[in-house]
Every structure is written in structure tokens, then in C-alpha cells.
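Enquirer: Task: produce atomic coordinates for the following.
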Amino acid sequence: MEHLDVLVVGAGISGIGAAHFLKTRCPDRSFALFEGREQMGGTWDLFRYPGIRSDSDMYTLGFAFRPWTEAKAIADGPSILKYLEDTAEEIGIKDQIRYRHKVVAARWDSAASLWTVDYLKGKASEPAQLTCNFLYMCTGYYNYAQGHTPTFPGRTTFKGKTIHPQFWPKDFDYTGKKVVVIGSGATAMTLVPAMTDKAAHVTMLQRSPTYVVSRPAEDAFANNLRKFLPSQFAYDLVRARNVLFQLLFYNTARKKPEKTKETLLGMVREQMGPDYDVEKHFTPSYNPWTQRLCLVPDADLFTAIKSGKASVVTDHIDRFVPEGIKLTSGEVLECDVIVTATGLEMQILSGVDFQVDGETVAFEKTFSYKGMMYSGVPNLASVFGYVNASWTLRADLTSEYVCRLLNHMKATGTTECRPINNDPTLKGSPWLDFGAGYVQRAMERFPKQGDKEPWRVTQNYASDMKTLRFGKVEDGVMSFRKASPAAKPVQPEITRSVEVADA
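Expert: Next up is the predicted model:
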């Protein structure tokens, strides 16, 4: 049976970054990347809807070790995917990515200090196994197999086409069609202006408004800086500036919500003019950063609305009808296409079945250690980025810490690292304190965070940098031990019976 020192699951932003850190900081460790799909890129390969783009700037969404050098700071999906592919080529890890390798189960044997991993490979989903010393889950936080779609009464009566953005039909032609996009999150606000290029009209139908911020798609300062400085140095400076701005803005929003709200709404009024009902369509009932703000590059959403090609309707859905959507106000939105931009379905560790010494791990009963490991679960780490900043910022820090952990075990001759909660006074709270619907729907299935370090899940890059990059590995909570020299892992029968989402 094949054995690896480290198995990285997922070949998106997190997995590619993990491979870089393993190659450069743990060069003597063997590893492979398993990707359940046919292509690297994760989110940026899966989503193919019109206008797909990041709502984070590429100076923080990009890797710390490889500069983003394109003109646009707010990049489209294909450009981000190319950046990831080029990065994988440049750092020499393409041969270590194994496509159509879907992890379905993993069992830890404490005596041997080994994970036995079940996976399905190839088009035929043939069952296979390998062992590894450390398992690093870089699979993101949502279910690739299905998105979230509420139950809409009368849905089957609608005569047009209904699409979820996560599964956009290839070459779908919406030319001359009337489109309703249900939702007010980042996906909806990307789709609406993008679809006005061909659609007869696009309506964004929302139950309640979201905070929206316009920002130039190109960063003039960054582009000019590259003319005079080496690309990596210029990139580092812009990255540091943007990180600092994000931290300051987030902290200000939490400390002075009313003032921040006034500023944000003032910017929308300036864009839309005095005659537009900003109070109804762009004034949320919650404070800024209770949920994620939506970024619109170059004010494209506002431009589309002012041109008459798009509109916003704030109301509740009563039911689908043959000609479109009937609202609780009695109005009927007639349309040919309905796009349900109603969110993601969060999933813990891609739904993989984990066992430790024969006991199934109930992650909802664990505490999150430093936002990346789980109480009582050994040699397992995962990446989860920020909700108030770019995903990659935390992904990079997490991979740095995993390498520190691996190198510490090598230096001390230990084979197991296991965070253990021995504090009976530790109080639990939801893993994420965030009001977004997709988060609230899932928190009961996720680990808890504690009320003290190292069990807190921060949304603060500076704090995490201090903890993950510079904090002690032996902190009194992380327990280390050696495997029994004579122990051999039990090899259970491989089964096809486990149904999971793509790893």
C-alpha cells in the first residue's frame, strides 16, 4: 500500500498554497494532492456563471509568495484560474496533483500514528487506499455537489428555465430574455450587471438589502508602483497596505457601526442620485460587517440600474407562476429565466467520514484549535479563510503553521500531534459569529470555538499572524507522542458505500 508523509486534499487556492509551503519548508516530506474533480482551481474552476469574479482584491487573494501582476486588482474567474495554473507550473507541483481522486473516509490508528485513507479514483470510481502520517484538508467550506435552494411553492409550474449559479449550463444563451436573479449577495451582484450585455432586462429580487461598496477594478497605485520597483517588493507593499486597510475598516465598522453605515449609504446615494430609493433597496437592517459587504468594481451594478437595463425589487416571493414570480405584494415579475443565487451549502471537511481509533468523529462536539485543528483529533488540519478579508491570507498562515508543526515533530522524534481540551471552564459558542444565512444554517454541524485562546476563531489577520507564525508550537494544549515501534495499522475492507461530495 502506498504511504505518504502528508496527504493534501483539494487542488484549489488552499491546496496549491499548501504544496508550495511543503516543498519549501518541509522538502524531505513526501506528499501528494488529491483532487476529486478533473481540473485544479476549486471555486474558480467550478463556477462558470456570467461575470464570475472575486470580491477580494488580488493583492490579498493572491499568494504571498507569487505576485499578482495583472492590471485589474478585482479579477475575473478565468484570470484567477490562469494565475493558479501558472503558479502550480512555476512551483513545480503539477505532477503531484492526482485528479479524480475523491477521499471518502479516513481512519486514525493511534498505536501506529497513521491515517488509512479510502478514496475513489478515475472515471470508474475504483476504490483504493493509502496511508499517511498527516492529513491536510484544503477542500474549502461548501458542498460542491449542491448549492442551497429554498423550496419555492409552484416551482414546477414556471414555464421558463431555472438555474442555480453553481451549475451554470455551458453555452447557455440568454439573449433577449427577461431574467430575474433571486438574491442580494456577491453572486447576484456579479450576475446582474454581467447579464445586461445580452438580456432584455435583468431584475435583482431581494428579500432584504445588502451593503454595497464600489471600488475601481484597477489599482492605479499598485500598477504605477510596479514601474519603479521589483514586482515582488511592489506586491508586498500593496498587500500590506490592503491588509491594514481591511483591518482598520472592519474594526471601525464594529466599533462605530452607525457612522460606518452613514458613510456606506452616502456612497450609494452619490452613485444613484437623489431620486433613487436607497432606503428601500440598499439600506440593510443590520450593522456593517455583521454580514459580508458586497464589492462592485467600477460601480458596474449602479451603472446597469441607472441605464435601465437592470432593476432592483425588494419584496418576498409568494410563489412561482407559469409566467414568472408572484410576490407577496401581489406583483408578478414576468421573466424567461430565473437564477436562484440563494447561496451555498456549507459542509465540514467535504463530508469525509473520519474515525479515530474506531470512533466516528462528531465534529460538532469538538472545539476548533487555532481555527485549523480539532480537539481530540490527531494529525489533521484544515484551511478556512476569513469572512472579512481574503481567503488566502489565512490559508497561507495555516500552511505555514502546519509546516512548523511537521518540522517540530521531526525535530522531537514524535509522530502524533493532538490538541486536547483539559479546561472544564471552556465555554463554547458558534464557530463563526456571522449573520449570513449560509453560515447560520450550518453552524450546528460545525465545531465550536472557545472563549479563550487557543480555541478562539479570530477574524483578525494580525492576531493570527502572531499566533500561527510566531506563537509557540508547544503551548500546553497541543500534545505530542511517539508511535509504538511494533504497531501496524489495521487494514479494514474498502467500501463503495460512502456517499460524499467531491473532495
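Enquirer: unless I'm mixing things up, residue 301 is touching residue 307, no?
Expert: No - counting by Cβ atoms under 8 Å, residue 301 stays clear of residue 307, with 10.9 Å between them. Backbone N, C-alpha and C define where each C-beta goes, glycine included.
Enquirer: Mind checking which of the two has more residues around it?
Expert: residue 301 (27 against 10; other Cβ atoms under 10 Å).
Enquirer: Tell me, how many residues neighbour the residue nearest to residue 38 when sequence neighbours are not counted?
Expert: Spatial nearest neighbour of residue 38, chain neighbours left out: residue 99 (5.4 Å); criterion: Cβ to Cβ, 6 or more residues apart in numbering. By other Cβ under 10 Å, the residues close to residue 99 number 15.
Enquirer: Ramachandran coordinates for residue 99?
Expert: Backbone torsions for residue 99, taken as degrees, to the nearest 10, come to phi -80, psi 160.
Enquirer: which residues does it contact?
Expert: 11, 35, 37-40 (Cβ atoms under 8 Å, 6 or more residues apart in numbering).
Enquirer: mind checking how far it is from residue 37?
Expert: Computed as Cβ to Cβ, to the nearest Å, the residue 99 to residue 37 distance reads 7 Å.
Enquirer: Could you report the pLDDT at the residue lying closest to residue 12 once chain neighbours are set aside?
Expert: For residue 12, ignoring the flanking residues on the chain, the nearest one in space by Cβ to Cβ, 6+ apart is residue 42 at 2.1 Å. At residue 42, the model reports a pLDDT of 94.
Enquirer: now the host helix or strand of residue 262: mean pLDDT?
Expert: In the assignment (DSSP states H and E), residue 262 maps to helix 257-272. Across helix 257-272, the average pLDDT comes to 95.
Enquirer: pretty sure residue 77 contacts residue 47?
Expert: Yes - when contacts are counted by Cβ under 8 Å, residue 77 is listed as touching residue 47 (6.3 Å).
Enquirer: which SSE is residue 286 in?
Expert: Counting by DSSP H and E, residue 286 is part of no helix or strand.
Enquirer: Next, it: phi, psi?
Expert: According to degrees, to the nearest 10, residue 286 has phi -110, psi 170.
Enquirer: quick thing: my sequence starts at 7, can you match it?
Expert: With the count now opening at 7, the last piece we talked about shows up as residue 292.
Enquirer: State the distance from it to residue 8.
Expert: Distance from residue 292 to residue 8, by Cβ to Cβ: 50 Å.
Enquirer: Next, name the residue at the spatial heart of this protein.
Expert: With distances taken as Cα atoms, centre = their mean, the residue of the chain nearest its centroid is residue 146 (5.1 Å).
Enquirer: now it: how far from residue 106?
Expert: 18 Å.
Enquirer: Ok, residue 191 next?
Expert: Relative to residue 106, and taking Cβ to Cβ, residue 191 is found at 31 Å.
Enquirer: Can you give the distance from the longest helix seen in the chain to the centre of its chain?
Expert: Secondary structure of the chain per DSSP state H: the longest helix is helix 237-261. Distance, stretch centre to chain centre, for helix 237-261: 20 Å (Cα atoms, centre = their mean, to the nearest Å).
Enquirer: what's the first-to-last distance across stretch 46-66?
Expert: 20 Å (Cα to Cα, to the nearest Å).
Enquirer: scratch that, stretch 283-302 is what I was asking about
Expert: Using Cα to Cα, the two ends of stretch 283-302 sit 19 Å apart.
Enquirer: which residues sit against that stretch?
Expert: 61-62, 80, 190-192, 195, 199, 212, 214-221, 256, 259-260, 263-264, 266-267, 270-271, 274-275, 278, 308, 318, 320, 393-394, 440-442.
Enquirer: quick one: the longest helix of the chain to helix 263-278, angle?
Expert: 120 degrees (axes from the mean of the first three to the mean of the last three Cα atoms, to 10 degrees).
Enquirer: State whether residue 22 and residue 95 are indeed in contact, as I suppose.
Expert: No - counting by Cβ under 8 Å, residue 22 stays clear of residue 95, with 10.5 Å between them.
Enquirer: Who has more neighbours out of the two?
Expert: residue 22 (29 against 10).
Enquirer: Contacts only, for the more buried one.
Expert: 39, 46, 69, 90, 93-94, 97, 99.
Enquirer: top of those residues by neighbour count?
Expert: residue 39 (27 neighbours).
Enquirer: Which elements pack onto the host helix or strand of that residue?
Expert: Using DSSP H and E, residue 39 sits within strand 37-41. Packing contacts for strand 37-41, counted by 3 or more Cβ pairs under 8 Å, 6 or more residues apart in numbering; DSSP states H and E, involve strand 9-15, helix 19-31, strand 103-105, strand 107-115.
Enquirer: mind listing what's buried in the longest helix of the chain?
Expert: By 16 or more other Cβ atoms under 10 Å, the buried positions in helix 237-261 come out as 240-241, 244-245, 247-249, 252-253, 255-256, 259.
Enquirer: list the helices and strands that helix packs on?
Expert: Using 3+ Cβ pairs under 8 Å, 6+ apart, helix 237-261 is in contact with helix 64-67, helix 226-231, helix 263-278, helix 467-470.
Enquirer: quick one on the thing from earlier: hmm, which two among the buried residues of helix 237-261 are most spread apart?
Expert: 240 and 259 (28.6 Å; Cβ to Cβ).
Enquirer: Which neighbouring elements make contact with the strand ranked longest in the chain?
Expert: Counting by DSSP state E, the longest strand found in the chain is strand 132-143. Here strand 132-143 touches strand 9-15, strand 120-127, strand 386-388, helix 397-418, going by 3+ Cβ pairs under 8 Å, 6+ apart.
Enquirer: okay if I get the ones you listed as JSON lines plus mean pLDDT, mean neighbour count and distance to residue 331?
Expert: As requested, those are exported to JSON lines (pLDDT from 0 to 100; neighbours: other Cβ atoms under 10 Å; distance: least, Cβ to Cβ, whole Å):
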{"stretch": "strand 9-15", "mean pLDDT": "98", "mean neighbour count": "22", "distance to residue 331": "40"}
{"stretch": "strand 120-127", "mean pLDDT": "97", "mean neighbour count": "22", "distance to residue 331": "40"}
{"stretch": "strand 386-388", "mean pLDDT": "98", "mean neighbour count": "24", "distance to residue 331": "39"}
{"stretch": "helix 397-418", "mean pLDDT": "96", "mean neighbour count": "21", "distance to residue 331": "33"}
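Enquirer: Any idea which of these gets closest to residue 489?
Expert: strand 120-127 (7.7 Å).
Enquirer: Mind listing the strands that closest one pairs with, and their directions?
Expert: Each strand paired with strand 120-127, and its direction, by DSSP bridges: strand 107-115 (antiparallel), strand 132-143 (antiparallel).
Enquirer: ok and it relative to strand 9-15, angle-wise?
Expert: Using the same axes, to 10 degrees: strand 120-127 against strand 9-15 is 60 degrees.
Enquirer: In the contacts of residue 22, find the pair that's most separated.
Expert: 39 and 69 (15.2 Å).
Enquirer: count of neighbours near residue 482?
Expert: 9.
Enquirer: Straight-line length of stretch 55-64, end to end?
Expert: Termini of stretch 55-64 sit 20 Å apart (Cα to Cα).
Enquirer: Just the residues contacting that stretch, thanks.
Expert: 50, 67, 74, 76, 78-84, 86, 89, 171, 174, 192-193, 196-197, 199-201, 203, 225, 248, 298, 300-301, 303, 345, 395-397.
Enquirer: before we move on, back to that, now the contacts of stretch 283-302: which count as buried?
Expert: Using 16+ other Cβ under 10 Å, the buried ones in those are 61-62, 80, 190-192, 195, 199, 212, 215-220, 256, 259, 266-267, 270-271, 274, 278, 308, 318, 320, 393-394, 440, 442.
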